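Visitor: Sequence first, predicted model second:
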Amino acid sequence: MGALIRKMAPGDVDRVTQLEAESFTCPWSAESFAHLLERDGCELWVLDDREAGVVGYGVLWCILDQGELANFAVAPSHRGKGHGGRLLARMLEVAREREVERIYLEVRVSNAAAIGLYHGFGFTDLGRRKKYYDKPVEDALIMALEV
């Protein structure tokens, strides 16, 4: 496929921040990503396309046997090509390596593509967080996966 999944490096922060802004209405800052790179228990991974550069990233927080897929995005121009599935599969491998037993996430209830991806990997719906997101205000679907 011409893309490598690797750990995020400090030199990736600007591109990841750009992808973040393209994907979310309340994006994390470059400083947030830079800080997370230095934090124990935080796994940051990128999908680096040979031609296009970094086209996806994921942030997984691991605390003891619990994990949270805190952020996950693929460039709009590269969606629907299997990149998200490849990156998510790697993130789940990392969780297993870290002995995480269960991963949680929140996703906008309107994000059918992401929900479909997560269901395809075995995530189940646990409930909703009312008015969790801003711009626009929307509920979050809470999902979990036994790793």
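Guide: On my side now, so go ahead.

Visitor: mind listing what's buried in the top helix by length along the chain?
Guide: If you go by DSSP state H, the chain has its longest helix at helix 83-97. Residues 83-84, 86-88, 90-92, 94-95 are the ones in helix 83-97 that count as buried (16 or more other CB atoms under 10 Å). For the C-beta atoms, the positions are set from N, CA and C on the backbone; glycine is no exception.

Visitor: for stretch 61-80, same thing?
Guide: Here stretch 61-80 shows 61-62, 67-75, 78-79 as buried, counting by 16+ other CB under 10 Å.

Visitor: got the contact list for that stretch?
Guide: 19-20, 22-24, 28, 41-43, 47, 49, 52, 55-60, 83-84, 87-88, 91, 95, 98-105, 113-114, 147 (CB atoms under 8 Å, 6 or more residues apart in numbering).

Visitor: Spatially central residue in this structure, please.
Guide: The centroid of the chain falls nearest to F72 when counting by CA atoms, centre = their mean (1.8 Å).

Visitor: Just checking: what are the partner strands of the helix or strand encompassing that one?
Guide: Element membership for F72, per DSSP states H and E: strand 66-74. Within its sheet, strand 66-74 is paired with strand 53-63 (antiparallel), strand 102-108 (parallel), according to DSSP bridges.

Visitor: hmm, back to that, using JSON lines, please lay out the buried residues of stretch 61-80 together with pLDDT and distance to A140.
Guide: Listed next are those as JSON lines, based on pLDDT from 0 to 100; distance: CB to CB, whole Å:
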{"residue": "W61", "pLDDT": "96", "distance to A140": "16"}
{"residue": "C62", "pLDDT": "96", "distance to A140": "21"}
{"residue": "G67", "pLDDT": "97", "distance to A140": "17"}
{"residue": "E68", "pLDDT": "98", "distance to A140": "13"}
{"residue": "L69", "pLDDT": "98", "distance to A140": "13"}
{"residue": "A70", "pLDDT": "96", "distance to A140": "13"}
{"residue": "N71", "pLDDT": "95", "distance to A140": "13"}
{"residue": "F72", "pLDDT": "97", "distance to A140": "14"}
{"residue": "A73", "pLDDT": "96", "distance to A140": "16"}
{"residue": "V74", "pLDDT": "96", "distance to A140": "19"}
{"residue": "A75", "pLDDT": "95", "distance to A140": "23"}
{"residue": "H78", "pLDDT": "92", "distance to A140": "24"}
{"residue": "R79", "pLDDT": "91", "distance to A140": "20"}
